[in-house]
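J.: what follows is a predicted structure for the sequence shown.
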Amino acid sequence: MNSTQVRDRPIGVFDSGVGGLSVLRAIRARLPAETVVYFGDQGHVPYGRRPQEEVQAFSEEITRFLLRSGAKLIVVACNTASAAALHYLRNIFPAVSFVGMEPAVKPAAGTTRTGVVGVLATPATFQGALYASVVERFAGNVTLLQNTCPGLVQQIEHGNLDTPETRRSLEDALRPMLAKGIDTVVLGCTHYPFVIPLIREIAGPGVQVIDPAPAVARQASRLLEMSGLENTGSGAGETGFYTSGEAQAFRSLLPVLLGENGPVQHIEWDGRRLCDPRG
């Protein structure tokens, strides 16, 4: 395979559902020529309350699927999977470059004026070693207020970005934080950027909202450039969408979340294995 063929290989992106589309959006903005293969594991969403070993097993099999698809780089566009499986994946696949999600506590701690920061994430993210490490290294001088926003991932999975239930979930999380003086909100789940307009409406203009997706896209760009794998063509790259859930349901969310339409292919889980219909 020559260097041009290698550069033309896709970036693999996966999440427990549609949340990683927020990361895909940032990757497209940063790397418009890149082809992407996106897998949403909607058959198992949400990951947030699953055991670490189970998330690791899902992540390993999805990684194998993306590698069979020719992925030159894999983006774990899921905070829960990054917390539970990123180190594990790097050990299993030492020759593969991975980019994961890290809660944006460092930039929040560096920019907060009040010294009080709200973090919205899943239980697994809060309980993981990655989050604990980030807090220990960067949050010594700030107060972090945490909330798991029960049910919010499921609302976003159904495309409910501004419904009474979604608003209530965010108000229950944010109102107590606002009363304690937060001026920054960290989004520790890739689903949550899709409700940033609602978060800003509830929190007000004096509260900054940190979406980690652009930083992930920058890291992907750096790794591709360093390895000589970045596609520098002038055309727009294509995206292939796959889901372990209902393809039609996923397809119906593309206009809501990305403002586009496109084909989506269903892939079935058989126990711990993905039955790839492509052979």
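T.: Nice, thanks for sending it over.
J.: can you show me the strands along the stretch 1-150 of the chain?
T.: 11-15, 36-40, 73-76, 98-99, 116-121, 143-147 (DSSP state E, counting those that start in this stretch).
J.: in its sheet, what does the second one sit against?
T.: For strand 36-40, sheet partners with direction are given as strand 11-15 (parallel), strand 239-243 (parallel), following DSSP bridges.
J.: point out the most buried one among those.
T.: Across those, averaging neighbours per residue (mean count of other C-beta atoms under 10 Å) puts strand 11-15 on top, at a mean of 27. Quick note: C-beta positions are derived from backbone N, CA and C, even for glycine.
J.: centre of the chain to that one, how far?
T.: Remark: strand 11-15 is offset 9 Å from the chain centroid, using C-alpha atoms, centre = their mean, to the nearest Å.
J.: average model confidence for that strand?
T.: Mean per-residue pLDDT for strand 11-15: 98.
J.: just the CA atoms of that strand, as CSV, please.
T.: The C-alpha coordinates for strand 11-15 follow below in CSV (Å, rounded to 0.1, in the frame of the first residue of the first chain):
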residue,chain,number,x,y,z
ILE,A,11,-10.6,7.6,10.8
GLY,A,12,-12.6,5.3,13.0
VAL,A,13,-14.9,6.9,15.6
PHE,A,14,-17.1,5.1,18.1
ASP,A,15,-19.4,5.9,21.0
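J.: use 100 as the first number from now on
T.: Renumbered: residue one is now 100, and that last one reads strand 110-114.
J.: which stretch among the strands of the stretch 100-249 of the chain comes nearest residue 206?
T.: strand 215-220 (10.1 Å; C-beta to C-beta).
J.: rewinding a little: rebuild the strands of the stretch 100-249 of the chain as JSON lines, extending it with distance to residue 284.
T.: Output for the strands of the stretch 100-249 of the chain, formatted as JSON lines (distance: least, C-beta to C-beta, whole Å):
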{"stretch": "strand 110-114", "distance to residue 284": "20"}
{"stretch": "strand 135-139", "distance to residue 284": "25"}
{"stretch": "strand 172-175", "distance to residue 284": "22"}
{"stretch": "strand 197-198", "distance to residue 284": "23"}
{"stretch": "strand 215-220", "distance to residue 284": "5"}
{"stretch": "strand 242-246", "distance to residue 284": "10"}
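J.: among the strands paired with strand 135-139, which comes closest to residue 235?
T.: strand 110-114 (26.4 Å).
J.: quick one: contacts of that closest one?
T.: Here strand 110-114 makes contact (C-beta atoms under 8 Å, 6 or more residues apart in numbering) with 119-120, 122-123, 126, 130, 133-140, 158, 161-162, 165-166, 168, 170-177, 180, 289, 319, 323.
J.: can you check stretch 332-343 too?
T.: So stretch 332-343 is contacted by 109, 123, 127, 130-143, 164, 168, 330, 349-350, 353, 361-368, 373 (C-beta under 8 Å, 6+ apart).
J.: are any of these buried, and which?
T.: Neighbour-count burial (16 or more other C-beta atoms under 10 Å) applied to the contacts of stretch 332-343 gives 109, 123, 127, 130, 133-143, 164, 168, 330, 349-350, 353, 363, 366, 373.
J.: let's test this: mean pLDDT of stretch 161-169, rounded?
T.: The model assigns stretch 161-169 a mean pLDDT of 97.
J.: buried set for that stretch?
T.: Residues 161, 162, 164, 165, 168 are the ones in stretch 161-169 that count as buried (16+ other C-beta under 10 Å).
J.: just stretch 316-331 next, same as before
T.: 316, 318, 319, 320, 322, 323, 328, 329, 330.
J.: show the average pLDDT along that stretch.
T.: 94.
J.: any residues touching that stretch, and which ones?
T.: With C-beta under 8 Å, 6+ apart as the criterion, stretch 316-331 contacts 102, 105-108, 110, 122, 125-126, 128-130, 132-134, 171-172, 174, 196, 198, 336.
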